[in-house]
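[1] My questions concern the predicted model and sequence given below.
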Amino acid sequence: MPAPTQLMADAIRVLSMDAVEAANSGHPGMPMGMADVATVLWTRFLKYDAARPDWADRDRFVLSAGHGSMLLYSLLHLTGVKAVSLDSLRQFRQLGSNTPGHPEYGHTPGVETTTGPLGQGLATAVGMAMAERKLAARFGADLVDHRTWVVAGDGCLMEGVSHEAISLAGRLKLARLTVLWDNNDITIDGHVGLSDATDQLARFKAAGWAVKAIDGHDEGQIRRALAWATKQDRPSLIACKTVIGKGSPTFAGTHDVHGKALGKDEVAKTRAALGWPHEPFVVPDEVYRPWRAAGRRGAKVRKAWEAKLAASPQKAEFERAMSGALPAHAFEALDAFIAEAAAGKPAAATRQHSGAVLEKIFGQVPELVGGSADLTGSNNTYVKNTEIFDAPGYGGRYVNYGVREFGMAAAMNGLALHGGVIPYAGTFLVFSDYARPAIRLAALMGIRVIHVGTHDSIGLGEDGPTHQPVEHLAALRAMPNLNVFRPADAVETAECWKLALQTAGTPSVMALSRQKTAGVRGDAGENQSARGAYQLAAASRPAQVTLFATGTEVPVALAARDLLEADGIGARVVSVPCFELFEAQPADYQAAVIGETDVRVAVEAGVRQGWDRFIGSDGAFVGMTGFGASGTDKALYAHFGITPEGVAAAAKAKL
């Protein structure tokens, strides 16, 4: 590479090895190997402004190989992002620093998404590229016209989610998406050939991508390939042949440089080999100057864009959409629906209630983009007459994700992270297992993504135990910063959707039934579901028993209450649509809802885990202790004892 560019790339190498050495922890190999590619991309092609790393029409850069985080931190520092100082690099991987071991969204300006779990960055970037096309269709190319760039490693391409992501991107012809593959032939265990022999170029090409292989250390090849990518009519893969740990005399090209500090002696040898005489964390002015110039290069473009925005009649709507704020009248139709449902108490599956809710809010919240993992008719996620999101126009608001639950959930994260889109999509609740890693990252990042999980219990019936979730509610509730809603009827379903949309910093799961269930709520005033749990029915005499229930088991609990009351036993019923929101309530409210009855019983067609919070270790639980079976919903509920009689008997046994 020409001397100035080489010095700029070497600055990334030395900062990366210095930071890892100071922390005695980290991954120097990938940043050292991809420094040349990153230098050309960030100085010649990437549309960004270091002074405003969050401006709306910037290019998105995703480091899918998140273990190489010092590549990104070095770039942010060198280009002049003020928050990423030399002190930040010195504090790499230290508690409280803004340079954590893997990039974390919200911690560091310029980090577009949390990465580290391999493959997810690539899949999330697909969602970002989708959002760019969707918003360009809505607001026009004057306001939305940018690209998404991804650095991915061999591990990213081995992970199964990469198949889901690249096939979806290829089908959608997302030409603004480019993946830069760090093709260094090394994994933690050794040479890639130990575990993989895939022809990745053939694989991507078969999925509908444009592909090109280059020397990842040749500036001319890198520059020409990046220019080529911007001219393609489909997503592009550039296979960058690199040497992991390039510059290290002893460890370059070996797995030893992947995930540990080089050591004091090797750091000194590497400095000598690179011709870098400076002390650790020292970058000379002649290297800083071109990097800082690169960081300022996008300022003119940004200011021109801001002028377009200021003159646009869509300015207010664009800014509202990108901020995540809901339209002023988002819930007018929904509130009318709630009032009607409270008056009529319609009996239907809660997935059908959810579909009815979407009909009321979809037209009022234009940021909503729905979808399903090939279960549209079952999930009730499609609003009639909605255009499908697809090439070439991308104006639609419904995505046919195909049978790709993990890829779907990761793309939803990208849609939300980009801004201007509120994604929701459905699958069967049991298949949330396929999506769980992406749901976890959404919770970790604190983003508004809504997962519709229908067929939420043994009540789905004849499909049997492979499709009947029993442990899934407990497993999802165990995840921090995830609201798991299991509404009982139309009113609660509408309330829960409203809460999911109003909660910008927390993803949600809607657990919805396949089977019909009775209406239970007759009031339409306060959003009772917002408290997580509330007394639905009081005892007619001094209460001896409290029955807790969610979803389709709320009518079971109400019927059990009637049986107990008929026998002279005072019983109250508490509906618990969301554990997490209940935990956020004041202690006195929690105590009042749980009550002081001698007997507490919970009923839910799932496992007990989590319910002791309400019933105590000595409380009774009516639900599942193992897997389900194939049969009708009524037969299964009777077989497993989830009946009014079973609940009443469990209560009486404790009296």
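    Nice, thanks for sending it over.

[2] Is Val545 bridged to anything, and to what?
    Val545 has these beta-bridge partners by DSSP bridges: Ala571, Val599.

[3] Now do the contacts for it.
    Neighbour list for Val545: 539, 564, 569-572, 597-601, 651, 655 [criterion: Cβ atoms under 8 Å, 6 or more residues apart in numbering]. All C-beta spots, glycine's among them, are computed from the backbone N, C-alpha and C.

[4] same thing but 6 Å
    564, 571, 597, 599, 651 (Cβ atoms under 6 Å, 6 or more residues apart in numbering).

[5] Quick check, Val40 in contact with Gly220.
    No: contact criterion Cβ atoms under 6 Å: Val40 and Gly220 do not qualify, at 9.4 Å.

[6] Tell me which of these two has more neighbours.
    A count of neighbours by other Cβ atoms under 10 Å puts Val40 above the other of Val40 and Gly220, at 25 against 12.

[7] Can you lay out the contacts of Val545 as CSV showing distance to Ser85 and neighbour count?
    Output for the contacts of Val545, formatted as CSV (distance: Cβ to Cβ, whole Å; neighbours: other Cβ atoms under 10 Å):
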residue, distance to Ser85, neighbour count
Leu564, 66, 25
Ala571, 62, 29
Thr597, 58, 19
Val599, 60, 22
Ala651, 62, 27
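
[8] biggest separation within the residues you listed, which pair?
    Leu564 and Thr597 (11.2 Å; Cβ to Cβ).

[9] Now do the end-to-end distance for stretch 390-408.
    End-to-end distance for stretch 390-408: 15 Å, by Cα to Cα, to the nearest Å.

[10] So, low pLDDT: which residues of the stretch 151-300 of the chain?
    Regions of the stretch 151-300 of the chain meeting the criterion pLDDT under 70 are absent.

[11] how close does Leu75 get to Ala648?
    As judged by Cβ to Cβ, to the nearest Å, Leu75 and Ala648 stand 65 Å apart.

[12] Near Pro586, how many other residues are there?
    Pro586 has 9 nearby residues by other Cβ under 10 Å.

[13] Now do it against Ala592, distance only.
    Distance from Pro586 to Ala592, by Cβ to Cβ: 10 Å.

[14] tell me, what's touching the two both at once?
    Joint contacts of Pro586 and Ala592 (Cβ under 6 Å, 6+ apart) do not exist.

[15] Under the pLDDT cut-off, which ranges of the protein? List them.
    Along the chain, the parts satisfying pLDDT under 70 run over 1-3.

[16] Mind doing that once more with 90?
    For the chain, the stretches with pLDDT under 90 are 1-5, 525.

[17] Confirm that Lys498 lies within a helix, as I assumed.
    Yes: residue state for Lys498 (DSSP: H, G, I helix; E, B strand; the rest coil) corresponds to a helix.

[18] From Gly370, how far out is it?
    16 Å.

[19] These two - which one has more neighbours?
    Gly370 (24 against 21).

[20] Which one of Leu75 and Ala648 is surrounded by more residues?
    The neighbour comparison of Leu75 against Ala648 (other Cβ under 10 Å) goes to Leu75, with 30 against 26.

[21] Tell me the secondary structure of the more buried one, please.
    Per three-state DSSP, Leu75 ends up helix.

[22] What are the neighbouring residues in contact with it?
    Trp42.

[23] again, only using 10 Å
    11-12, 15, 31, 35, 38-39, 41-43, 46, 48, 50, 61, 63, 81, 84, 110, 291, 294-295 (Cβ atoms under 10 Å, 6 or more residues apart in numbering).

[24] right, and Ala543 touches Ile594 too?
    No: Ala543 is not in contact with Ile594 according to Cβ atoms under 10 Å; the separation is 11.8 Å.

[25] From the rest of the structure, what touches stretch 312-320?
    Residues contacting stretch 312-320 (Cβ under 10 Å, 6+ apart): 56, 135, 138-140, 142-144, 308-309, 321, 325-328, 366-367, 420.

[26] does Ala425 have beta-bridge partners, and which?
    Beta-bridge partners recorded for Ala425 (DSSP bridges): His451.

[27] and it, how many neighbours?
    27.

[28] repeat for Asp374
    Neighbours around Asp374, by other Cβ under 10 Å: 16.

[29] Quick one: residues contacting it.
    Applying Cβ under 10 Å, 6+ apart, the residues contacting Asp374 are 400-405, 408, 427.

[30] Equivalent analysis for Ala650, please.
    Contacts of Ala650 (Cβ under 10 Å, 6+ apart): 545, 547, 560, 599, 601-603, 619-622, 641.

[31] Can you give me the distance of the residue nearest to Asp185 when sequence neighbours are not counted to Asp182?
    Leaving aside its sequence neighbours, Asp185 sits nearest to Val192 (Cβ to Cβ, 6 or more residues apart in numbering; 4.9 Å). As for Val192, its distance to Asp182 is 11 Å (criterion: Cβ to Cβ).

[32] Any chance of the contacts of Asp374 in a markdown table with secondary structure, distance to Asp256 and neighbour count as columns?
    Below are the contacts of Asp374 laid out as a markdown table (DSSP: H, G, I helix; E, B strand; the rest coil; distance: Cβ to Cβ, whole Å; neighbours: other Cβ atoms under 10 Å):
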| residue | secondary structure | distance to Asp256 | neighbour count |
| --- | --- | --- | --- |
| Asn400 | strand | 45 | 17 |
| Tyr401 | coil | 40 | 24 |
| Gly402 | coil | 40 | 16 |
| Val403 | coil | 40 | 13 |
| Arg404 | coil | 36 | 23 |
| Glu405 | helix | 37 | 27 |
| Met408 | helix | 38 | 31 |
| Thr427 | strand | 42 | 28 |
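
[33] Neighbours of the nearest residue to Pro277 once chain neighbours are set aside, how many?
    The shortest distance from Pro277 to any non-neighbouring residue, by Cβ to Cβ, 6+ apart, is to Arg271 (7.0 Å). Residues within reach of Arg271, counting by other Cβ under 10 Å, total 20.

[34] Compute the distance between Arg271 and Met70, please.
    Taking Cβ to Cβ, one finds Arg271 at 16 Å from Met70.

[35] contacting residues for the closest residue to Pro392 other than its chain neighbours?
    Excluding the flanking residues, the one nearest Pro392 by Cβ to Cβ, 6+ apart is Lys173, at 7.5 Å. Shown in contact with Lys173 (Cβ under 10 Å, 6+ apart): 133, 208-209, 232-235, 390-392, 394.

[36] Out of the residues you listed, which end up buried?
    133, 208-209, 232, 234-235, 390, 394 (16 or more other Cβ atoms under 10 Å).

[37] So which of these are in helices?
    Counting by DSSP state H, the buried ones among the contacts of Lys173 place Arg133 in helices.

[38] Please narrow the contacts of Leu75 to those residing in strands.
    61, 63 (DSSP state E).

[39] on that earlier part again, got a winner among the contacts of Ala650 for most neighbours?
    Leu547 (32 neighbours).

[40] for that residue, phi and psi?
    phi -110, psi 120 (degrees, to the nearest 10).

[41] residue contacts, it?
    When contacts are counted by Cβ under 10 Å, 6+ apart, Leu547 touches 536-537, 553-554, 556-558, 560-561, 564, 571-575, 597, 599-603, 615, 620, 622, 647-648, 650-651.

[42] ok, 7 Å please
    Neighbour list for Leu547: 557, 560-561, 571, 573, 601, 603, 647 [criterion: Cβ atoms under 7 Å, 6 or more residues apart in numbering].

[43] Show only the entries of these found in helices.
    557, 560-561, 647.

[44] out of these, which one sits closest to Pro487?
    For those, the nearest to Pro487 is Ala557 (14.4 Å; Cβ to Cβ).

[45] wait, isn't the closest one in contact with Gly646?
    No: Ala557 lies out of contact with Gly646 (Cβ atoms under 7 Å); the separation is 11.0 Å.

[46] So for these two, which sits in the more crowded spot?
    Between Ala557 and Gly646, counting by other Cβ under 10 Å, Ala557 is the more crowded of the two (31 against 17).
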